[in-house]
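In: The following comprises the amino acid sequence and a computationally predicted model.
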Amino acid sequence: MSDKRVESNKVVSITYTIRDEQDNMLEAVEIPVDYLHGSGSLIGGIEQALSGLAEGERVDVTVPPEHGFGPWDPSLSFSDVIENVPPEYRRLGAEAEFHNEDGEVLTMRVTHVDRGTVTLDGNHPLAGKTLIFAVTIKGIRDATADELRNGVAPPQLH
């Protein structure tokens, strides 16, 4: 293990998994991603949980919906008769973009298809879920002047 510790103004390389409360794997990131510690770019208290850790250390962080991707909003989900839906949107996972009067874009995913209806959902796929992040510190380095000025670490290939 390194003597470097996670602290503000360090670029930290992490890998992580996300599981739900039933221990189902939702996402696994095995190629390290970088973030600037202290920038507030990580959700739900993860940044705080990483503070003080060294390279090679791992922590589990439970993130409730209100600190993660928000509660599931039923107003962002609707079903329609399948005949009213274009054929390209009659399959699970298909995405459609909708624009409001203000020019905002909402991407909706098809989450249910049966013989008579199609359901589209504009919620984030992880909305409404308590998530368990298992985060491993893969590297720690000093941030560059550009990274500090911009508040972000550029994508790195590891």
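Out: Sure, I can see it.

In: what does the domain assignment say about this structure?
Out: 10-69+127-144, 74-121 (automatic domain parsing).

In: what pLDDT, on average, does the last one get?
Out: Summarised as a single mean, pLDDT over domain 74-121 is 92.

In: Now render the domains of the chain as CSV, adding mean neighbour count and distance to residue 150.
Out: No exception for glycine: its C-beta is placed from N, CA and C like everyone else's. Listed next are those as CSV, based on neighbours: other Cβ atoms under 10 Å; distance: least, Cβ to Cβ, whole Å:
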stretch, mean neighbour count, distance to residue 150
domain 10-69+127-144, 16, 8
domain 74-121, 12, 25
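
In: now the ones you listed as JSON lines including distance to residue 4?
Out: Listed next are the domains of the chain as JSON lines, based on distance: least, Cβ to Cβ, whole Å:
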{"stretch": "domain 10-69+127-144", "distance to residue 4": "4"}
{"stretch": "domain 74-121", "distance to residue 4": "39"}
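
In: Not counting residues beside it along the chain, what's closest to residue 142?
Out: Closest residue to residue 142 apart from its sequence neighbours, by Cβ to Cβ, 6 or more residues apart in numbering: residue 10 at 6.4 Å.

In: that older thread, and residue 3, which of the domains of the chain is closest to it?
Out: domain 10-69+127-144 (7.1 Å; Cβ to Cβ).

In: List the residues that contact the residue nearest to residue 142.
Out: Under the criterion of Cβ atoms under 8 Å, 6 or more residues apart in numbering, the neighbours of residue 10 are 4, 36-38, 140-143.

In: Need the per-residue pLDDT for it.
Out: 94.

In: gap between it and residue 44?
Out: Going from residue 10 to residue 44 by Cβ to Cβ, to the nearest Å gives 20 Å.

In: How many neighbouring residues does the nearest residue to residue 51 once chain neighbours are set aside have?
Out: Distance criterion Cβ to Cβ, 6+ apart; nearest residue to residue 51, sequence neighbours excluded, is residue 6 at 5.6 Å. Counted by other Cβ atoms under 10 Å, the residues lying close to residue 6 total 21.

In: just checking, what packs against the host helix or strand of residue 133?
Out: Element membership of residue 133, judged by DSSP states H and E, is strand 131-142. Other helices and strands packing on strand 131-142, by 3 or more Cβ pairs under 8 Å, 6 or more residues apart in numbering; DSSP states H and E, are strand 10-20, strand 25-36, helix 46-50, strand 58-63.

In: at 7 Å instead, please
Out: If you count contacts as 3 or more Cβ pairs under 7 Å, 6 or more residues apart in numbering; DSSP states H and E, strand 131-142 packs onto strand 10-20, helix 46-50, strand 58-63.
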